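Participant: Structure here, sequence nowhere to be found:
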Ligand code: SAM
């Protein structure tokens, strides 16, 4: 992948290009002796190399510390103050590509990817129903992952967070913000098409039931569920491992074949990410 430097977000030195009359030749100002000094070598650009991740739709910025990045669907904009990186154009093109750093401490999905999840059903072109979108931090990275051919329907019931989510979606045509209760999918059934994946991060004790209820409306047969489980939201008295096992049992009973379970330590304490494949209940012959 291309090499690039950290995007400075337009914040290039205040005085760049400005020169006051009379400064010339004084040699006592801030700029004295700047030329050739190590400090300014490379004009502050930390060189980064962007490489594709093993999973489709995500990338790694190689540097002093590797970081997970996604290709920005809305170049020039950060969503939650995250760093943007500009990569040089690939050969034969003059298009510069911008990436956004994905902080696994701010996102359960990001933590699952950094933590080494084996398979990620959210990929370029995916249709995703996202339950618990909050202000859109992770939704924005899902939007980058799925790209212009995909779509993410993001459901969030808090009006305050829903406002941020809606604003974020203005620059991202592949995000459909829905300020509604995920327990009432019939209220948004006119807005949502059939999806390939349901991602859920609602942090509610009845999350499994909420996911299955939405799956019955929108998830294709053979589609995927990806669920972030916060143990103490389900049962604060039981050991997290017992809670995860209990939640997986509930999914099994309800047409989901679990595929993977990953704890999200050290990024999110007592959380697990679970993936599974959905088998829609068979319809009766005369239906
Ligand atoms: N996924 C988000 C992210 O990574 O940026 C964080 C989600 S936060 C842990 C849980 C969110 O789910 C909260 O914003 C909360 O308002 C929302 N939520 C909880 N119950 C909900 C429900 N029944 N319907 C819709 N949203 C719900």
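Facilitator: Happy to help now that I have it. The structure displayed is predicted, hence computed values, not measured ones.

Participant: The stretch 1-150 of the chain against the ligand: which residues are in contact?
Facilitator: 107-108, 132, 134, 137-138 (CB under 6 Å from any ligand atom). Where you see a C-beta, it was placed from the backbone N, CA and C, and this is true even at glycine.

Participant: Going by distance to residue 184, which of these wins?
Facilitator: Nearest to residue 184 among those: residue 132, at 14.2 Å, using CB to CB.

Participant: Straight-line length of stretch 250-270, end to end?
Facilitator: End-to-end distance for stretch 250-270, by CA to CA, to the nearest Å: 19 Å.

Participant: quick one: secondary structure of the closest residue to residue 147 other than its chain neighbours?
Facilitator: Spatial nearest neighbour of residue 147, excluding adjacent residues (CB to CB, 6 or more residues apart in numbering): residue 124 at 4.7 Å. Recorded secondary structure, residue 124: coil (DSSP: H, G, I helix; E, B strand; the rest coil).

Participant: can you check the one 5 residues further on too?
Facilitator: Of the three states, residue 129 takes strand according to three-state DSSP.

Participant: Hmm, residue 196 and it touching each other?
Facilitator: No. If you go by CB atoms under 8 Å, residue 129 and residue 196 don't touch, sitting 9.2 Å apart.

Participant: who's more crowded, these two?
Facilitator: It is residue 129, of residue 129 and residue 196, that has more neighbours when counted by other CB atoms under 10 Å, with 31 against 20.

Participant: Give the bridge partners for that one, please.
Facilitator: Beta-bridge partners recorded for residue 129 (DSSP bridges): residue 153, residue 198.

Participant: show me what contacts it?
Facilitator: The contact partners of residue 129, by CB atoms under 8 Å, 6 or more residues apart in numbering, come to 152-153, 155, 192, 195, 197-199, 214, 218-219.

Participant: could you dump these to JSON lines with pLDDT?
Facilitator: Shown next, in JSON lines, are those (pLDDT from 0 to 100):
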{"residue": "152", "pLDDT": "98"}
{"residue": "153", "pLDDT": "98"}
{"residue": "155", "pLDDT": "98"}
{"residue": "192", "pLDDT": "98"}
{"residue": "195", "pLDDT": "98"}
{"residue": "197", "pLDDT": "98"}
{"residue": "198", "pLDDT": "98"}
{"residue": "199", "pLDDT": "98"}
{"residue": "214", "pLDDT": "98"}
{"residue": "218", "pLDDT": "98"}
{"residue": "219", "pLDDT": "97"}
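
Participant: hmm, back to that, now the residue nearest to residue 147: phi and psi?
Facilitator: Residue 124 adopts backbone torsions of phi -50, psi 130, taken as degrees, to the nearest 10.

Participant: what residues are up against it?
Facilitator: Shown in contact with residue 124 (CB under 8 Å, 6+ apart): 56-57, 145-147, 149-150.

Participant: which residues touch residue 118?
Facilitator: Residue 118 neighbours (CB under 8 Å, 6+ apart): residue 260.

Participant: Which of the helices or strands spans it?
Facilitator: When elements are assigned from DSSP states H and E, residue 118 belongs to no helix and no strand.

Participant: so residue 242 sits in a helix?
Facilitator: Yes. Assessed by three-state DSSP, residue 242 belongs to a helix.

Participant: Pull out whichever of the contacts of residue 129 are also neighbours of the ligand.
Facilitator: residue 155.

Participant: Can you convert the contacts of residue 129 into TSV and add a column each for neighbour count?
Facilitator: Listed next are those as TSV, based on neighbours: other CB atoms under 10 Å:
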residue	neighbour count
152	27
153	23
155	29
192	18
195	23
197	25
198	27
199	29
214	25
218	19
219	24
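
Participant: Looking at the contacts of residue 129, which is nearest the ligand?
Facilitator: The ligand lies nearest to residue 155 out of the contacts of residue 129, by CB to the nearest ligand atom, at 5.2 Å.

Participant: Next, the contact list for that closest one, please.
Facilitator: For residue 155, the contact set (CB under 8 Å, 6+ apart) comprises 129-133, 178, 180, 182, 188.
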